[in-house]
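**Student:** Just a sequence and a predicted model for now, questions to come.
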Amino acid sequence: MANAGAASAGRPRGPAAIIVRKLFGRRVVLVGAAILVVVALAALLAPWITPYDPMKLRILDRLQSPRASHWFGTDELGRDVFSRVVYGARYSLMIGALVVLVSMFCGVLLGLAAGFFRRLDGPIMRVVDAMMSFPDILLAIALVAVLGASMANVVIALAIVYTPRVARVVRASTLVVRELLYIEAARALGVSTWRILFVHILNNIASPILVQATFIFAYAVLAEAGLSFLGVGVPPEIPTWGTMIASAQPFAHQAIWLVLFPGVAIVLSALSLQMVGDGFRDLLDPKLRKAL
Amino acid sequence: MTRYLASRFAGMVIVMLIVAALVFFITRLAPGDPAAVMLGEQATAADIAQLRASYGLDKPLPLQFVYWLGELSRGNLGQSIFLQRPVTQALLERAEPTFFLTLFSLGLAALIGVPCGIAAAVWRGKAIDQAFSGFAMLGASIPSFWFGLILMQIFAVSLGWFPVAGYGDPGVPLSDRLHHLILPSIVLGVVNSALILRFTRASMLDVLGEDHIRTARAKGVSEARVVLHHALRNALIPVITVLGLTFALLIGGAIVTETVFGLPGIGNLVVSAVLRRDYPVIQGALLVIAGLYVLINLLIDLLYLAIDPRVRY
């Protein structure tokens, strides 16, 4: 009895701690998080873990297949593919993270406004509906076309594309929370509208926003690769995974590894984010929670 | 019913007007004079002024928008700068490969997604569910252009089973042209089956938990009949929504896949237009594709009305 008490006393009991424990108790989430940590660490530690300078040309070593000296082979200019894939993680993940930050910021503001202020709901949601009528990649291509191809513009374009998705989720959650008794109580107590919005409501809709953030991160990594592949994304001299595959395309028939490894990196990153996002969503879904 | 149809149609018109405004103003976001951008660095001031006048670019922006809307209402999407022909004509000329690619991919995605989704729901938590759910997650994480390049190397370049790229010569029979679409359709279909699989699984799980299924089982109805007759018929209704959603995804996917396989479709036209800054084509393609998406959503809502007796407007 005393042992049981000691054991339970050692375990965190807060709601957040329980969610985290349940979340990481699922094997799929654990595997996804582990892959994500490895990719993120590789991106952070790139200068220390890469054996070669990713930009240095060695024409004599061009198109070497994977071997001990070059784990992922070399590209058409003799650059080490492993080093480029690791450095590519920096750019691809950074673009993904920035897209998440910007789209979350704008989407949360729009969604809160639409969900809380009835008069703004119609106009905001009609624009959101209209923006969601465009296929993601098509709207992103058009935006980059008019803004110009650069890393900053790719982030802006993708943030514009994904903001309506966030706004929809935030609005739906806000509509539910707005009607709850504690919001009415806060109003009765004279709490300011801004405080109700950004403290009382935002705190209570954080979970679906976080789930959406993981999915948007995955979509942004995929979309950035697609844009760069089409030649309308990040300039080719920046080694993102998408630009690497694009520049490898003419050599794919003789050096498939040039296409294979950056692609596997994209798949692993997107997959790990979706695994974590899926696990989180399942945990928050009351219908599925019982089964977990 | 008539009131519902009228309000849905009015809603669609409003969304399309906002779409048109977004398309118009997005293309006006381009830094610098659009006429100068269209004509390139070699253009003289006189050339630029002439183009500005011929496209009405010298008029105030709201007036340009009204003029453009007027032209749209007459079915005129403008004139392509580089192709030297109306945008509508350019889009129609490129519609065939995109139409068949989208159709085949949607068919394949449904053929993979629906049965696998049913199996995953019926054997929930078992190895088959984990395998199909894993496949769905993987499908949603694979960039279609990368998958296309890998399949192209294996099945077209190495094995020679399919043409590497293109859509055949203009004079070749339709069957030969469609042969060029098999590999791109597999790429798009497999990647997009993930969403249909997930949705079918979720929808089947919902229905399998309902009372009428328990009653059917209690009455001794065979499991196959319970799943295929009682559950599937109800579960497929929401799946129709996801087929509409998949259509939008397929158009987006087609843009990239057509580029990988060198298919002369609308996607390829859009990418070329972007690279050449042919704004009328970008505008026209955006508008037509978004319009199709809005229209398909409306048709799906109306389809609900026809197939689900519980839905009454």
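**Tutor:** Noted; the coordinates are in hand. Here the structure is a predicted model, which is why all the values come from computation and not from measurement.
**Student:** Which of the helices or strands spans the closest residue to chain A within chain B?
**Tutor:** Using C-beta to the nearest C-beta, the point where chain B gets nearest to chain A is B:Gly252, with a distance of 3.1 Å. Just so you know, the C-beta spots here come from the backbone N, C-alpha and C atoms, and that holds for glycine as well. Secondary structure assignment for B:Gly252, by DSSP states H and E: helix B:232-260.
**Student:** Can you mark which positions in that helix are buried?
**Tutor:** B:232, B:234-260 (16 or more other C-beta atoms under 10 Å in any protein chain shown).
**Student:** Now tell me which helix or strand of the chain has the poorest mean pLDDT.
**Tutor:** Let's take chain A. helix A:2-10 (a mean of 48; mean pLDDT, DSSP states H and E).
**Student:** was after chain B, sorry
**Tutor:** That would be, for chain B by mean pLDDT, DSSP H and E, helix B:34-39 at a mean of 71.
**Student:** shaky segments in the chain?
**Tutor:** As the question left the chain open, I've gone with chain A. A:1-15, A:285-292 (pLDDT under 70).
**Student:** hmm, I had chain B in mind actually
**Tutor:** Short version for chain B, where the test is pLDDT under 70: B:31-32, B:34, B:37-38, B:308-313.
**Student:** Now do the helices in the stretch 51-200 of chain B.
**Tutor:** B:61-73, B:87-93, B:95-122, B:127-139, B:144-151, B:174-179, B:182-208 (DSSP state H, counting those that start in this stretch).
**Student:** Sorry, slip of the keys, the one I care about is the stretch 1-150 of chain A.
**Tutor:** A:2-10, A:15-24, A:27-44, A:46-49, A:81-116, A:118-131, A:136-147.
**Student:** by contact count, what packs against the longest one?
**Tutor:** Contacting helix A:81-116 under the criterion 3 or more C-beta pairs under 8 Å, 6 or more residues apart in numbering or on different chains; DSSP states H and E are the following elements: helix A:27-44, helix A:46-49, helix A:118-131, helix A:151-178, helix A:206-230, helix A:241-248, helix A:257-284.
**Student:** Helix B:144-151 and the fifth one, what's the angle between them?
**Tutor:** This points to helix A:206-230. Between helix A:206-230 and helix B:144-151, the angle comes out at 50 degrees (axes from the mean of the first three to the mean of the last three C-alpha atoms, to 10 degrees).
**Student:** Buried residues in helix A:206-230, which are they?
**Tutor:** Buried, per 16+ other C-beta under 10 Å, within helix A:206-230: A:208-209, A:211-230.
**Student:** Could you confirm whether any residue of it contacts chain B?
**Tutor:** Yes - for helix A:206-230 and chain B, the contact criterion (C-beta under 8 Å from any C-beta of the partner chain) is met by A:Ala218, A:Leu222, A:Ala225, A:Gly226, A:Phe229, A:Leu230.
**Student:** Could you pull up the residues touching A:Pro239?
**Tutor:** A:Pro54, A:Met55, A:Arg84, A:Tyr87, A:Gly88, A:Tyr91 (C-beta atoms under 8 Å, 6 or more residues apart in numbering or on different chains).
**Student:** From A:Ile141, how far out is it?
**Tutor:** According to C-beta to C-beta, to the nearest Å, A:Pro239 stands 21 Å off from A:Ile141.
**Student:** Please apply the same query to B:Ile213.
**Tutor:** 45 Å.
**Student:** before we move on, what about B:Val87?
**Tutor:** In terms of C-beta to C-beta, B:Val87 sits 16 Å off from A:Ile141.
**Student:** got it, and A:Arg171?
**Tutor:** From A:Arg171 to A:Ile141 the distance is 27 Å (C-beta to C-beta).
**Student:** Same drill for these two, tell me which one is more crowded.
**Tutor:** A:Ile141 (31 against 23; other C-beta atoms under 10 Å in any protein chain shown).
**Student:** any idea how far that one lies from A:Ala225?
**Tutor:** 13 Å.
**Student:** circling back: closest to A:Ile95 out of the helices and strands packed on helix A:81-116?
**Tutor:** helix A:206-230 (4.9 Å; C-beta to C-beta).
**Student:** For chain B, what is the nearest residue in the stretch 101-250 of chain A?
**Tutor:** Counting by C-beta to the nearest C-beta, the stretch 101-250 of chain A gets nearest chain B through A:Pro135, at 3.1 Å.
**Student:** Name the nearest residue to that residue, ignoring sequence neighbours.
**Tutor:** In space, not counting the residues next to it along the chain, A:Pro135 is nearest to B:Gly252; the distance is 3.1 Å by C-beta to C-beta, 6 or more residues apart in numbering or on different chains.
**Student:** A:Ser103 now?
**Tutor:** A:Tyr162 (4.1 Å).
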